[in-house]
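Engineer: No letters, just coordinates:
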């Protein structure tokens with residue numbers, strides 16, 4: 001089942017900026033869009049859409065680009081520090097996600 005997210009102007013701008021940074025990372029490595037696509041295992045239009053910040057690009061395509069650029073270890077840092085979430089959890093407790101034995105709490 002496909003769903004379409006309605007994105008705010010700020011979210012669209014974040015995608016555009018991410019795409020610009022992907023393009024810059026590609027150019028710094030002297031890669032063409034075709035070469036990057038080959039390394040990612042995708043077709044060139046996926047790279048074009050990623051660089052343009054189009055909302056239909058999958059998370060998998062973005063992760064593949066980050067892998068080619070050697071940045072996958074930084075993905076975990078995105079929510080490593082979550083002061084708002086931590087404050088909310090302290091105030092009201094965790095309501096939805098139960099804890100499972102042997103699963104790391106990031």
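Structural biologist: The structure has been received and is ready for your questions. It should be emphasised that the depicted structure is a prediction, and the values quoted were computed from it without experimental measurement.

Engineer: Any regions of the protein where pLDDT drops low?
Structural biologist: For the chain, applying pLDDT under 70 flags the ranges 1-2, 96-106.

Engineer: one more time with 90, if that's ok
Structural biologist: When residues are selected by pLDDT under 90, those of the chain lie in 1-5, 72-106.

Engineer: For it, which segments count as strands?
Structural biologist: Counting by DSSP state E, the chain has no strands to list.

Engineer: For it, give the helix that spans the most residues.
Structural biologist: helix 9-28 (DSSP state H).

Engineer: what's in contact with that one?
Structural biologist: Contact with helix 9-28 is made by 7, 33, 36, 47, 50-55, 62, 65, 69, as judged by CB atoms under 8 Å, 6 or more residues apart in numbering. Backbone N, C-alpha and C define where each C-beta goes, glycine included.

Engineer: could those be laid out in a markdown table, adding neighbour count?
Structural biologist: Listed next are the contacts of helix 9-28 as a markdown table, based on neighbours: other CB atoms under 10 Å:
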| residue | neighbour count |
| --- | --- |
| 7 | 12 |
| 33 | 16 |
| 36 | 25 |
| 47 | 28 |
| 50 | 26 |
| 51 | 23 |
| 52 | 14 |
| 53 | 19 |
| 54 | 15 |
| 55 | 12 |
| 62 | 18 |
| 65 | 27 |
| 69 | 18 |
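
Engineer: Sort out for me which of those residues are in helices.
Structural biologist: Among the contacts of helix 9-28, the members found in helices (DSSP H) are 33, 36, 47, 50-51, 62, 65.
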